[in-house]
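*Asks:* Got a predicted model here, sequence first, then my questions.
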Protein chains: 2
Amino acid sequence: MSQARPGGRTARTRTVVLEAVIDQLTETGYVGLSVDAVARRAGVHKATLYRRWGTVDGLLLDALTLFADRSVAIPDTGTLDGDLRHIARSALATLTDRAGQALIRAVVSAGHDDQVAQVIRAFWTRHNTMVASIVQRAADRGELPAGTDPADVSRAIGAPLYMRLLVTAEPLDTAAADQSAAAVAAAARAGVFARPAAHAAEPASRDFTGG
Amino acid sequence: MSQARPGGRTARTRTVVLEAVIDQLTETGYVGLSVDAVARRAGVHKATLYRRWGTVDGLLLDALTLFADRSVAIPDTGTLDGDLRHIARSALATLTDRAGQALIRAVVSAGHDDQVAQVIRAFWTRHNTMVASIVQRAADRGELPAGTDPADVSRAIGAPLYMRLLVTAEPLDTAAADQSAAAVAAAARAGVFARPAAHAAEPASRDFTGG
């Protein structure tokens, strides 16, 4: 067999196979995801899938990596409320996207897999870094107390939306996203996400409000 | 075969079988839950399981019902903060409990099943009713704006904890529960969970602060 050119047949096969992974997950969930089922759906030889992706979790991992790699732009609307609303609506878009939904449910079901856990950690580290720059700017403007933890803010924005999708099976709409953003803003302003140490122990060394 | 007495052999079999369901879920997740596996683990004939529970989802449903039926006491600590902290810590207890964790993960994986969805809805309806009485008392004391939606408060308390368990795989500890309670209290006080109609349209007819 000849070697496929980069961006050529190999890339096309990847796209077709990972699309088949999403279709299969949407229809049957992680329980019904198998190399056989994906091969049938994609019209690709089983042997090709085993050679390139190894296992079902290899397929899931690659689909996840492709999805998580979509660049997320850091909003800068000029206000904390505007920035948080932007992030909440981006999360809403992911959670109402067919592929996003299928992958999130699969990740929860495949909770035992170490490689999957690694991809998820990398995703949240990137997300928290993005939120950190928003929190920093808000602190610089005097909108937030110094020492506000970006990871706490980051988790709190998505939490009610993931809850609606995974746990309570409630509608995911713009009102839900905007309410989540408003709740996080109120809690952050009240200092709920501020680390005590940044207030008391280091008054001069970490001047987050110095702009 | 003779009919077992109520509370006798039948009840004991149920306990043994549902404990085996939790064990199997803990070890393999929903993917590995099968009537065969549960029968082997419980030391009960497959035929008995099929006759009484029908399918894997029948087993999951019964385990879920038993777990959800545990009575939850409505806290009345005298303050909104105290009541919310109590609820958040109860949620933490469920989410760090072995059976609770196994069942929550299974419910997310079995998202397609209508009967499972019904049990979940019933659980949240009960939970929201409990939160409603806390919200009402807080409004009566003037701690919360009128028209605060109990369902919004209820969802927001658990959300960061479910997020830690299912999505970000972060530690579940008392600090996390207390932070969630504090965040909800701040957002609720700021009016984020208040329905606009209750403020403007009906000033006299729905006097939640009249207590």
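*Replies:* That came through, no problem. Residues are numbered from 1 along each chain as shown, chains lettered A, B, ... in the order given.

*Asks:* do you know how far A:Arg137 is from B:Ala146?
*Replies:* To B:Ala146, A:Arg137 is 35 Å away according to C-beta to C-beta, to the nearest Å. Every C-beta, even on glycine, is put in place using the N, C-alpha and C of the backbone.

*Asks:* which ones are touching the residue nearest the centre of chain A?
*Replies:* Nearest to the mean C-alpha position of chain A, counting by C-alpha atoms, centre = their mean, stands A:Phe123 at 5.7 Å. Going by C-beta atoms under 8 Å, 6 or more residues apart in numbering or on different chains, A:Phe123 touches A:Ala68.

*Asks:* In the one helix or strand it maps to, which residues have enough neighbours to count as buried?
*Replies:* A:Phe123 is located in helix A:114-140, with elements delineated by DSSP states H and E. Neighbour counts using 16 or more other C-beta atoms under 10 Å in any protein chain shown place A:116, A:119-120, A:123-124, A:127-128, A:130-132, A:134-135, A:137-139 of helix A:114-140 among the buried residues.

*Asks:* Stretch A:101-117 now?
*Replies:* Quick answer for stretch A:101-117 (16+ other C-beta under 10 Å): A:101-111, A:113, A:116.

*Asks:* quick one: which of those residues is nearest B:Trp53?
*Replies:* A:Ser109 (21.7 Å; C-beta to C-beta).

*Asks:* Give me the distance between that closest one and A:Gly82.
*Replies:* Taking C-beta to C-beta, one finds A:Ser109 at 36 Å from A:Gly82.

*Asks:* circling back: and the pLDDT for the residue nearest to the centre of chain A?
*Replies:* Note on A:Phe123: pLDDT of 86.

*Asks:* Same check on A:His112?
*Replies:* The predicted local confidence for A:His112 is 64.

*Asks:* do A:Ala176 as well
*Replies:* A:Ala176 is given a pLDDT of 98.

*Asks:* Double-check it against A:Pro160; I have them as touching.
*Replies:* Yes. Assessed by C-beta atoms under 8 Å, A:Ala176 is found in contact with A:Pro160 at 6.8 Å.

*Asks:* Give me the more crowded residue out of the two.
*Replies:* A:Pro160 (27 against 20; other C-beta atoms under 10 Å in any protein chain shown).

*Asks:* show me what contacts the more buried one?
*Replies:* By C-beta under 8 Å, 6+ apart, the neighbours of A:Pro160 are A:Ala176, A:Gln179, A:Ser180, A:Ala183, B:Arg155, B:Ala156, B:Ala159.

*Asks:* Surely the last one is in a helix?
*Replies:* When you say that, I think you mean B:Ala159. Yes. Using DSSP: H, G, I helix; E, B strand; the rest coil, the assignment for B:Ala159 is a helix.

*Asks:* Okay, it and B:Asn128: tell me how far apart.
*Replies:* 14 Å.

*Asks:* And the furthest pair within the buried residues of helix A:114-140?
*Replies:* Spanning the widest gap among the buried residues of helix A:114-140 are A:Val116 and A:Ala139, at 34.3 Å by C-beta to C-beta.

*Asks:* mind checking how far the nearest residue to A:His45 once chain neighbours are set aside is from chain B?
*Replies:* Spatial nearest neighbour of A:His45, chain neighbours left out: A:Ala39 (6.7 Å); criterion: C-beta to C-beta, 6 or more residues apart in numbering or on different chains. Going from A:Ala39 to chain B by C-beta to the nearest C-beta, to the nearest Å gives 19 Å.

*Asks:* mind checking which helix or strand A:Thr94 is in?
*Replies:* Residue-wise, A:Thr94 maps onto helix A:80-96 under DSSP H and E.

*Asks:* Report the angle between that helix and helix A:114-140.
*Replies:* Orientation note: helix A:80-96 sits at an angle of 160 degrees relative to helix A:114-140 (axes from the mean of the first three to the mean of the last three C-alpha atoms, to 10 degrees).

*Asks:* which residues sit in contact with A:Ile74?
*Replies:* A:Met130, A:Ser133, A:Ile134.

*Asks:* who are the neighbours in contact with the second one?
*Replies:* For A:Ser133, the residues meeting the contact criterion (C-beta under 8 Å, 6+ apart) are A:Ile74.

*Asks:* what do you get if the cut-off is 10 Å, keeping everything else the same?
*Replies:* A:Ile74, A:Pro75, A:Asp76, A:Asp83, A:Pro150 (C-beta atoms under 10 Å, 6 or more residues apart in numbering or on different chains).

*Asks:* Closest one to chain B out of the residues you listed, please.
*Replies:* A:Pro150 (13.3 Å; C-beta to the nearest C-beta).

*Asks:* Grab the nearest non-local neighbour of the closest one.
*Replies:* A:Ala132 (3.8 Å).

*Asks:* quick one: pLDDT of that neighbour?
*Replies:* 96.

*Asks:* how near is it to chain B?
*Replies:* 16 Å.

*Asks:* do the same with A:Ala187
*Replies:* 4 Å.

*Asks:* In which helix or strand does that residue reside?
*Replies:* Counting by DSSP H and E, A:Ala187 is part of helix A:174-189.

*Asks:* No further questions, thank you.
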